[in-house]
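1. have a look; sequence and predicted model below, questions after that.
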Amino acid sequence: MASNSCSGVPKWERKTRLFLCIFGLFLSFYALHVEISRERDPEYRAMCDLGDSVSCSKVFTSRWGRGFGLVQFFFAKDSVLNQPNSLLGIIFYTLQLALGQSVSSRAAFLLVLASWVSMAGSLYLAGVLAFILGDFCVVCVSTYVVNFLLLFTNLKRRTGLEAVKTKTG
């Protein structure tokens with residue numbers, strides 16, 4: 001594994017993180033755009049609506065498109081806490097970019113932790129997509145892939161930082 005000699009962070013990690021986070025932000029902003037457009041105009045047809053069972057707008061405007069479909073059980077459906085999942089994605093990818101600027105072991109731990117949480121959410125939503133909604137959402141599945149690749153990237157970063165810490169400590 002090629003890494004920056006002083007930091008332990010793999011050389012490919014920064015560019016990979018930048019690409020994945022920008023792509024994740026693009027997907028999240030697009031999902032938010034589709035949801036808002038569909039709420040304003042029920043006839044709106046998004047580019048990702050390819051058929052009856054391949055429709056991202058159907059998914060984004062379902063109850064699972066906000067607060068993972070869970071927040072509404074604890075708060076009102078129109079509560080400020082019941083935000084679109086895409087907004088949570090925007091926050092997640094922004095934090096991944098920001099924390100990725102630090103080479104501290106604490107930042108590496110938080111990156112991995114946030115990635116595991118995003119993977120849990122991705123697996124849950126993938127299950128909802130397949131077994132409850134019976135739909136295929138290209139944008140959703142793309143975010144699941146980005147989240148998995150960020151987890152892999154963050155695990156490699158943490159391993160590299162721990163190896164340097166072991167050598168110097």
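-> In hand now; what should we look at?

2. show me which residues of stretch 29-39 are buried.
-> Residues of stretch 29-39 classed as buried by neighbour count (16 or more other CB atoms under 10 Å): 30-32, 34-35, 38. All C-beta spots, glycine's among them, are computed from the backbone N, C-alpha and C.

3. now do that stretch: distance to the chain's middle.
-> For stretch 29-39, the separation from the chain centroid amounts to 16 Å (computed by CA atoms, centre = their mean, to the nearest Å).

4. over to stretch 90-98?
-> The mean C-alpha position of stretch 90-98 is separated from the chain mean by 9 Å, CA atoms, centre = their mean.

5. repeat that for stretch 79-98.
-> Using CA atoms, centre = their mean, the offset of stretch 79-98 from its chain centre is 9 Å.

6. same question, stretch 95-113
-> Relative to its chain's centre, stretch 95-113 lies at 15 Å (CA atoms, centre = their mean).

7. about what we covered before: possible to save the buried residues of stretch 29-39 as CSV with distance to Lys156, secondary structure and pLDDT?
-> Below are the buried residues of stretch 29-39 laid out as CSV (distance: CB to CB, whole Å; DSSP: H, G, I helix; E, B strand; the rest coil; pLDDT from 0 to 100):
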residue, distance to Lys156, secondary structure, pLDDT
Tyr30, 28, helix, 97
Ala31, 27, helix, 96
Leu32, 30, helix, 96
Val34, 33, helix, 96
Glu35, 33, helix, 94
Arg38, 38, helix, 92
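
8. packing partners of the helix or strand bottoming out on mean pLDDT in the chain?
-> None of the helices or strands of the chain scores lower by mean pLDDT, DSSP states H and E than helix 138-168, at a mean of 88. When contacts are defined as 3 or more CB pairs under 8 Å, 6 or more residues apart in numbering; DSSP states H and E, helix 138-168 sits against helix 13-40, helix 56-60, helix 105-127.

9. which SSE is immediately downstream of the first one?
-> Later in the chain than helix 13-40, the nearest helix or strand by DSSP states H and E is strand 49-51.

10. the second one too?
-> Where DSSP H and E defines the elements, the next helix or strand beyond helix 56-60 is helix 85-99.

11. pull out the buried residues from that next one.
-> By 16+ other CB under 10 Å, the buried positions in helix 85-99 come out as 85-90, 92-93, 96-97, 99.

12. contacting residues for the closest residue in space to Asn147 that isn't next to it in sequence?
-> Excluding its sequence neighbours, the residue lying closest to Asn147 (CB to CB, 6 or more residues apart in numbering) is Ser118, at 4.4 Å. By CB atoms under 8 Å, 6 or more residues apart in numbering, the contact set of Ser118 is 92, 147, 150-151.
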